[in-house]
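Peer 1: Okay, predicted coordinates and the sequence, questions at the end:
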Amino acid sequence: MSKGNINVSVENIFPLIKKFLYSDHEIFLRELISNATDATLKLKHLTNIGEAKVEYGNPQIEVKIDKDKKQLHIIDQGLGMTKEEVEKYINQIAFSGAEEFLEKYKDEKADDTNIIGHFGLGFYSAFMVAKKVEIITKSFKDQPAAHWTCDGSPQYDLTEGEKTDHGTEIILHIADDSTEFLEDSKISELLNKYNKFMPIPIKFGTKEATIPLPEDADKDAKPETKTIDNIINNTNPAWTKQPADLKDDDYKSFYRELYPMQFEEPLFHIHLNVDYPFNLTGILYFPRIGQDMNMQKDRIQLYQDQVFVTDNVEGIVPEFLTMLRGVIDSPDIPLNVSRSYLQADGAVKKISSYITRKVADKLKSLFKNNREDFEKKWKDIKIIIEYGMLSEEKFFEKAQDFALYPTVDDTHYTFEELKEKIKANQTDKDDKLVILYASNLDEQHTYIQAAKDKGYEVLLLDSPIVSHLIQKLETEKENITFVRVDGDHIDNLIKKEETKISKLSEEEKETLKTTLDAIVPKEKFTVQLEDMDSNANPFIITQPEFMRRMKEMQQSGGGGGMFGMSNMPEMYNLVINTNHELIGQILNTKTQKKKERLVNQALDLAKLSQNLLKGEDLTAFIKRSYEIIK
Ligand code: ADP
Ligand code: MG
C-alpha cells in the first residue's frame with residue numbers, strides 16, 4: 001500500500017472547492033459521467049484501431065444509490081487506469097488543474113461563478129458533495145486493479161484493487177450536508193437535466209416494460225411485463241444526425257423531447273451544422289411568439305459534445321434570437337471564462353454571426369418556397385424579425401428579402417412591393433413617399449376608413465417596437481416617411497394636386513376661428529381650418545407624428561428623453577372641415593349658449609373617435625347627448 005500527499009501548497013483546496021462553487025454543487029454528477037463517457041469512448045477508439053484487445057460490446061454507464069451506506073456509485077466499462085495512471089491523472093494532473101482553476105478564478109465576481117462552475121474542475125468536483133471518494137479501477141491493459149481513497153484531506157491511499165473487468169467505479173461517500181444526492185428523485189432530475197443526450201447509455205435502476213404479444217397470440221393472452229434497465233438518455237439526439245436523414249416529424253418529436261411540457265408545435269426549425277472555422281451543430285426552433293416578448297421559460301440549451309452546459313445562451317446567440325428554442329452543441333465555445341470576456345471572443349463572434357446568417361437564409365427560403373404559408377406565420381414571428389432588424393445591421397440587410405408589411409386588409413407586401421404600390425397612388429411633388437400606417441384597428445378605425453375611402457393603402461404595424469423600426473427604416477431608406485393615419489387629416493397627409501373649393505368666405509372663417517378659440521381649450525388643442533371634402537368629418541383630432549413618436553419612444557425607453565421632452569404636454573390638432581354642413585350651422589346659431597353646445601358636442605365626438613373621451617368629460621357628453629335627443 002502506498003500513501004501520498006497530494007500537494008502541500010494547497011492544503012485547503014477542498015473547503016475552497018466546496019465554498020467557491022456553492023451554487024453549483026450538482027455539476028459533480030455531470031463531471032463524473034462525462035469522465036465515464038470519455039473513458040468508454042476512448043476504449044472504443046483503441047479497440048477500433050486495434051490497440052486494445054477487449055470485447056467492446058455495448059458498454060453502459062451505471063449510476064447507483066446505496067442509501068444505507070450513504071453512497072453514490074458511478075460505474076463505467078471504459079478503459080480504466082493502472083496504478084501509475086491514477087497517480088498521474090488523478091493525483092497530479094487533475095489536482096493541478098483544480099488548483100490552477102481556483103487560483104485563476106478566486107477573485108472573479110460572484111455572478112460569474114455560474115458559468116465558471118460549468119467547466120474546469122472535473123473529477124475533484126466530487127468533493128463538493130462527498131466526504132470521502134474511492135476510485136476502483138482496472139485498466140484494459142493486463143495490469144492489476146487500483147484502489148484509491150481520499151477523504152478530502154491532502155493525503156490519499158493507493159492500493160491494489162480486486163476488480164477483474166476493465167473499467168472504473170467511483171464511490172462517493174455523501175457528506176452529511178448533501179444527503180439530497182441520495183434521493184432517487186434528485187439524481188433522476190440531474191440525469192435528465194445534464195445527461196439526457198449523452199452518447200453512452202446511462203442506466204439508473206430498472207423499470208417494468210410490457211413485452212408486445214406475438215402476431216399469432218391467443219386473443220385472451222395478456223401481455224407479460226419484464227424488468228429492464230432504466231436507460232435515461234437518448235444517445236442519438238436529432239441534432240447529431242444529418243438533416244437529410246430527418247423528416248419534419250423527427251424534428252417535431254425532438255422538440256417534444258426537449259420541452260416535454262410544451263404543447264404547442266414549433267412553426268419551423270433550422271438545422272445548424274458547421275465544422276469550419278468552428279465546430280457547431282444544433283437545431284433551432286421558431287416558437288409562436290405573437291406579441292409576447294417575455295416568454296422565457298423554455299430556452300435554447302447549450303451543449304458541449306452532448307453534455308448539457310446551460311440554458312443561458314446570452315452572448316453566444318445574438319440577443320434577438322434568444323427568443324428561439326432548441327439546442328446548440330459546440331466544443332468551441334470557451335465556457336470557463338466570464339460573460340464579458342465571452343462576448344469579446346473572436347470565435348464566439350463568428351458563431352453568433354453564423355447563427356444570424358443561417359436564420360436569415362432559412363427565413364428567405366421559407367418566404368421563397370411558400371409565401372402564402374410564410375404570410376400566415378408572419379404575425380407569430382414578426383417580433384423576432386423586427387427586433388433583429390433593429391439590433392443587427394447584417395440581419396437588417398438580409399431581411400429586405402423577407403420582411404413583410406401587412407396592410408389593415410391583410411395583404412402582405414415586401415418593402416419594394418409596398419413602395420411600388422404607393423408610388424402609383426401618390427403624386428406628391430417633392431417625391432417623398434408617405435407610408436400610412438395604423439397601430440390599432442379598433443382605436444384608429446375612423447382614420448383608417450377615411451384613408452381607405454380615398455384609396456390609400458394603410459399598413460397595420462402593431463408590434464411594441466414599431467416606432468423604433470419605423471425610425472430605422474426612415475434612416476436607412478431614401479425618401480420615405482411613415483405617418484400614422486391619425487397624424488393629420490388625410491388630405492394634409494398626402495397632398496394630391498386638386499383645387500380646393502371653400503364654402504366659406506374669408507370673413508366667415510375669421511368669425512369661425514374666433515368663435516372656436518373662445519370655446520375650445522387652448523392648452524390642449526390647436527385649432528386649424530381646412531377646406532376638405534364635405535363628406536369628411538367636421539371635427540378631426542390629430543396628433544403630429546413627430547410628437548407622438550417621441551412620446552412612444554420615451555415610454556419604451558429609447559431616444560426621446562434626450563430632447564428634454566420628458567414632461568411633454570399632451571397636445572393635439574383640432575382640424576375643422578370648413579366645408580361640412582355642421583360648420584355653417586355653428587356660424588348661423590344665434591345664442592352663445594347654443595353655439596357652445598354644438599361645438600362641445602362635436603369636439604367630444606372627435607375625442608371619442610380618438611379614444612380620448614374619458615372620466616368627467618365622458619359623463620358630461622352622455623348627459624348632453626340625452627338632452628339633445630330628448
Ligand atoms: P478532464 O476530464 O478534463 O481530463 P478530470 O479532472 O475530469 O479532467 O479527470 C482527470 C483525468 O482522470 C482524466 O483526464 C482521465 O485521464 C482520468 N479519469 C477520470 N475519470 C476516469 C474514468 N472514469 N476512467 C478513466 N479515467 C478517468
Ligand atoms: Mg472530466
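Peer 2: Here it is on my side, so go on. Numbers count the residues shown, from 1 in each chain. Ligands and ions are numbered 1, 2, ... in the order given.
Peer 1: what sits up against stretch 457-467?
Peer 2: Contacts with stretch 457-467, where a contact means CB atoms under 8 Å, 6 or more residues apart in numbering, come from 291, 293, 382-383, 386-387, 390, 405-408, 411, 418, 421-422, 425, 435-441, 448, 451-452, 469-470, 485, 549, 552-553, 556. Glycine gets a C-beta too; all of them are placed from N, C-alpha and C.
Peer 1: Buried ones only from those, please, as a ChimeraX command.
Peer 2: Of the contacts of stretch 457-467, the buried ones go into a single ChimeraX selection, burial set by 16 or more other CB atoms under 10 Å:
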select :382,383,386,387,390,405,406,407,408,418,421,422,425,435,436,437,438,439,448,451,452,469,470,485,549,552,553
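Peer 1: Distance of whatever residue of the stretch 351-500 of the chain ends up closest to ligand 2 relative to Asn425?
Peer 2: Nearest residue of the stretch 351-500 of the chain to ligand 2: Ile351, at 23.3 Å (CB to the ion). Plainly put, Ile351 is 45 Å away from Asn425 if you go by CB to CB, to the nearest Å.
Peer 1: same question, Asp298
Peer 2: Asp298 is 44 Å from Asn425, by CB to CB.
Peer 1: Look up how far Asp604 lies from Ala620.
Peer 2: In terms of CB to CB, Ala620 sits 8 Å off from Asp604.
Peer 1: between these two, who's got more neighbours?
Peer 2: Between Ala620 and Asp604, counting by other CB atoms under 10 Å, Asp604 is the more crowded of the two (20 against 13).
Peer 1: before we move on, which element is the more buried one in?
Peer 2: For Asp604, the enclosing helix or strand under DSSP states H and E is helix 592-609.
Peer 1: quick one: the helix or strand that comes right after that helix to chain centroid distance?
Peer 2: As assigned by DSSP H and E, the chain's next helix or strand after helix 592-609 is helix 615-629. A distance of 48 Å separates the centroid of the chain from that of helix 615-629, by CA atoms, centre = their mean, to the nearest Å.
Peer 1: what's the answer for stretch 361-377, then?
Peer 2: On CA atoms, centre = their mean, the centre of stretch 361-377 falls 21 Å from that of its chain.
Peer 1: cool, stretch 500-510 as well?
Peer 2: With CA atoms, centre = their mean, you get 58 Å for stretch 500-510.
Peer 1: buried residues in that stretch?
Peer 2: 504, 509.
Peer 1: residues contacting Glu257?
Peer 2: Neighbours of Glu257 in contact, by CB under 8 Å, 6+ apart: 234, 237.
Peer 1: how about a cut-off of 7 Å?
Peer 2: Listed by CB atoms under 7 Å, 6 or more residues apart in numbering, the contact set of Glu257 reads Asn234.
Peer 1: where does it land on pLDDT?
Peer 2: If you check Glu257, the pLDDT there is 95.
Peer 1: now it, what's its secondary structure?
Peer 2: helix (DSSP: H, G, I helix; E, B strand; the rest coil).
Peer 1: Flag the shaky bits of the stretch 51-200 of the chain, pLDDT-wise.
Peer 2: 93-121 (pLDDT under 70).
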